[in-house]
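Undergrad: Model the following, please.
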Amino acid sequence: MFRWFTGSLAICLWVSLIALLLARQAEPYPSLATIQETSTHTSITRYTWRGELEIPFTKPAENIFRTQIFNEWIYYLDVQWGTQTSTIYRRHYLTNERQQLNPSTNRLNDLLSWSPNNTWILYVTGSTHQLELYAMQPDGSTHHKIASQTVSNFSLQELYNPNNLWLFNVLGWQTNDTFWQVNEQSQLQAYTLSDTGFTTNHLYDLTAYHNIQLIAWSPQQDMALLRMSDQFQTPAYYLFDTPTARLIPLPTEIRHADFELWGQWLYFVDYLTPERPIYRINAEEFKTLTPSNFESELQESIDGQSLIYRGRDGNRWQIDIDGGNRTRITDNPIDGVMFYDSDGWQYYMQNNSVSKRVIRFDPLTYQSETIYTAPSFFALNTITLNNLYIFQNTPPPNNRNELIRVNLAPNQSAQPLALARNMAVIGELPPLSLPFQEFYIAAVASLLTLLSLWQFNQAHTP
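TA: Numbering: from 1, shown residues only. Take a look at the predicted model:
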């Protein structure tokens, strides 16, 4: 009797675990993290790949800003305006475990910047009279104090500012572990981080300049484009060549531009000139390409031999890398280009009274295909490895905004996920996987099952 009971129990346990495994494997796609705002608070909410709402990650009392997804964690800043405090947290997307990352005794904290590969985080911490700049690793295990700054009655409103990199004049990241900063003596410094500390490298004396901004890097990180003002507060652009420590002024008539970087060149467009010419520069040469009638989205072709951009007529145009052979490559106006995926595809939309669709364009062959047709006006939100997310206005009588996911695989349909009122997409979370503990239990259940079957066989063998 005991053998029958043991065998039945083991078999039931094994079958249950198999069912659990199949249920987990039935959700192999990433879930979606969104940030939603109500009249009282802002929270992070997770939706399954089927669009099912799960329990919100954050508590109703939290107000969420500066969200970032890294591995299995969502990082965010909880801002409490009433108590004038802000705290840096991270939450595990599956267990909902919350960890505080900044020093617990400091009232003011803010996430400034992530390194390109997400291995370092720059953050500010302190009080209303003293602020400090720190670098930490995402798990909070390593904290390096970079600089400190005395302030006077500093408020949370001043700290929470979309452009508050000026607090410590952090310009940006040169590599995965090196960032640039202009210190209080107006010296341009490069800080290289490691597990044990950091090293400082002096780059240039910028005492004569003000309002310093780093606009763009070259792909090899050996050139940086800076925008600075002189003593008369006149802004101008400069190219800083890192190997030679040269500061190269660009023509003074350039006042506003968009910048893109490929290969050995930096490309930009002067918006104040009616023809909107495209320029290219490096440390040795400055060249004006032919007038472009440029509107937006300047990109280099995959083969590196031409530039593709959106013209004022809404179509895509191409010019050779040296500025010749300007050619129109699309026949339908484009309302806006969204993103480029890992295979080089361009995604753009036609969103007017005639056509409302998402189009995938191959910049190498100039072939395009419609991957989604919308029943009403919509707005592109973000693109991931496998999915495109859009906000769509549903027609009457519903008259509401919906978050729609469009699978980029062939023959996949769009899927409504949630109402999109006061919502923004943070990003996709990793697919659910079977935890180690469940594999361990399954292994034990397998052994019990085999033992029970062996006992049953022994008991009934003549």
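Undergrad: and the residue nearest to Arg276 when sequence neighbours are not counted, how many neighbours?
TA: For Arg276, ignoring the flanking residues on the chain, the nearest one in space by C-beta to C-beta, 6 or more residues apart in numbering is Phe294 at 4.3 Å. For glycine as for every other residue, the C-beta is placed from the backbone atoms N, C-alpha and C. Neighbourhood size, Phe294 [other C-beta atoms under 10 Å]: 23.
Undergrad: go on, the one 3 residues further on?
TA: Other residues within reach of Glu297 by the criterion other C-beta under 10 Å amount to 18.
Undergrad: what's the answer for Leu408, then?
TA: Using other C-beta under 10 Å, the number of residues around Leu408 comes to 19.
Undergrad: Next one: it relative to Thr34, how far apart?
TA: Distance from Leu408 to Thr34, counting by C-beta to C-beta, to the nearest Å: 20 Å.
Undergrad: Equivalent analysis for Gln130, please.
TA: Using C-beta to C-beta, which is the criterion applied here, Gln130 is 36 Å from Thr34.
Undergrad: out of these two, which sits in the busier spot?
TA: Thr34 (22 against 14).
Undergrad: Touching, that one and Val425? I think so.
TA: Yes. The pair Thr34 / Val425 is scored as a contact, 5.6 Å apart, by C-beta atoms under 8 Å.
Undergrad: For the two, list the residues in contact with both.
TA: Leu403 (C-beta atoms under 8 Å, 6 or more residues apart in numbering).
Undergrad: Helices of this structure, residue ranges please.
TA: Counting by DSSP state H, one finds helices in the chain at the ranges 2-25, 156-159, 436-459.
Undergrad: Can you flag the weakest of those helices by average pLDDT?
TA: Of all these, the minimum mean pLDDT falls on helix 2-25 (a mean of 53).
Undergrad: Quick one: residues contacting Asn387.
TA: By C-beta under 8 Å, 6+ apart, the contact list for Asn387 reads 30, 405-408, 428.
Undergrad: Looking at those residues, spot the one nearest Trp73.
TA: Of all these, Glu428 has the smallest distance to Trp73: 13.6 Å, by C-beta to C-beta.
Undergrad: ok, Thr199 - how many residues close by?
TA: Residues lying near Thr199 (other C-beta under 10 Å) number 10.
Undergrad: Same check on Thr67?
TA: Quick note: Thr67 (other C-beta under 10 Å) scores 18 neighbours.
Undergrad: Look up how far Thr125 lies from it.
TA: According to C-beta to C-beta, Thr67 stands 19 Å off from Thr125.
Undergrad: Find the nearest non-adjacent residue to Arg316, please.
TA: Thr330 is the one closest to Arg316 (C-beta to C-beta, 6+ apart), at 4.3 Å.
Undergrad: related to what we said a few turns ago, tell me which of the contacts of Asn387 is nearest to Arg246?
TA: Within those, the smallest distance to Arg246 is 42.9 Å, found for Glu428 (C-beta to C-beta).
Undergrad: Would you confirm that the closest one contacts Ala33?
TA: Yes. Counting by C-beta under 8 Å, Ala33 is a contact partner of Glu428 at 7.4 Å.
Undergrad: Now do the shared contacts for those two.
TA: Listed as contacting both Glu428 and Ala33 by C-beta under 8 Å, 6+ apart are Ile69.
Undergrad: got a list of what the closest residue to Ala424 other than its chain neighbours touches?
TA: Distances taken as C-beta to C-beta, 6+ apart put Ile35 closest to Ala424, at 5.1 Å, once the chain neighbours are dropped. Taking C-beta under 8 Å, 6+ apart, we find Ile35 in contact with 42-45, 64, 67, 423-424, 426.
Undergrad: again, 7 Å this time
TA: Under the criterion of C-beta atoms under 7 Å, 6 or more residues apart in numbering, the neighbours of Ile35 are 42, 44, 64, 67, 424, 426.
Undergrad: Now go through those residues and say which are in strands.
TA: 42, 44, 64, 67, 424, 426 (DSSP state E).
Undergrad: And Glu300, how far from Ser218?
TA: Counting by C-beta to C-beta, the separation of Glu300 from Ser218 is 13 Å.
Undergrad: how near is the residue nearest to Ser296 when sequence neighbours are not counted to Glu297?
TA: Nearest residue to Ser296, sequence neighbours excluded (C-beta to C-beta, 6+ apart): Arg310, at 5.0 Å. As judged by C-beta to C-beta, Arg310 and Glu297 stand 5 Å apart.
Undergrad: what bridges to Phe240?
TA: Beta-bridge pairing of Phe240 under DSSP bridges involves Ala224, Leu247.
Undergrad: Hmm, Arg227 and it touching each other?
TA: No. Between Phe240 and Arg227 there is no contact under C-beta atoms under 7 Å: 11.3 Å.
Undergrad: Next, count neighbours for Gln187.
TA: Neighbours of Gln187 (other C-beta under 10 Å): 15.
Undergrad: Show the contacting residues for it.
TA: 202, 205.
Undergrad: Find me the pLDDT at the residue lying closest to Arg107 once chain neighbours are set aside, would you?
TA: Leaving aside its chain neighbours, Arg107 sits nearest to Thr85 (4.8 Å; criterion: C-beta to C-beta, 6+ apart). The model reports Thr85 with a pLDDT of 85.
Undergrad: and the residue lying closest to Pro251 once chain neighbours are set aside, how far is that from Thr42?
TA: Closest residue in space to Pro251, ignoring its immediate chain neighbours: Phe286 at 7.5 Å, by C-beta to C-beta, 6+ apart. Applying C-beta to C-beta, the value for Phe286 to Thr42 is 46 Å.
Undergrad: The residue nearest to Gln213 when sequence neighbours are not counted: how many residues sit nearby?
TA: What sits nearest to Gln213 in space, not counting adjacent residues and going by C-beta to C-beta, 6+ apart, is Arg227, at 4.5 Å. Counted with other C-beta under 10 Å, the neighbours of Arg227 add up to 19.
Undergrad: give me every residue that touches Arg227.
TA: 213, 215, 235, 237.
Undergrad: Could you work out the most separated pair of these?
TA: Farthest-apart pair in the contacts of Arg227 is Ile215 and Pro235; separation 11.3 Å (C-beta to C-beta).
Undergrad: Name the residue in those two with the higher neighbour count.
TA: Shown here are Ile215 and Pro235; by other C-beta under 10 Å, Ile215 has more neighbours (18 against 14).
Undergrad: The residue nearest to the more buried one when sequence neighbours are not counted - how many residues pack around it?
TA: Leaving aside its chain neighbours, Ile215 sits nearest to Leu225 (4.4 Å; criterion: C-beta to C-beta, 6+ apart). Using other C-beta under 10 Å, Leu225 has 22 other residues around it.
Undergrad: same thing with Ser355?
TA: Neighbours of Ser355 (other C-beta under 10 Å): 15.
Undergrad: how close does it sit to Thr365?
TA: When distance is defined by C-beta to C-beta, Ser355 is 22 Å away from Thr365.
Undergrad: For the residue nearest to Gln233 when sequence neighbours are not counted, give its distance to Pro235.
TA: In this structure, Gln233 finds its nearest non-sequential neighbour in His210, 7.0 Å apart by C-beta to C-beta, 6+ apart. From His210 across to Pro235, the span is 9 Å (C-beta to C-beta).
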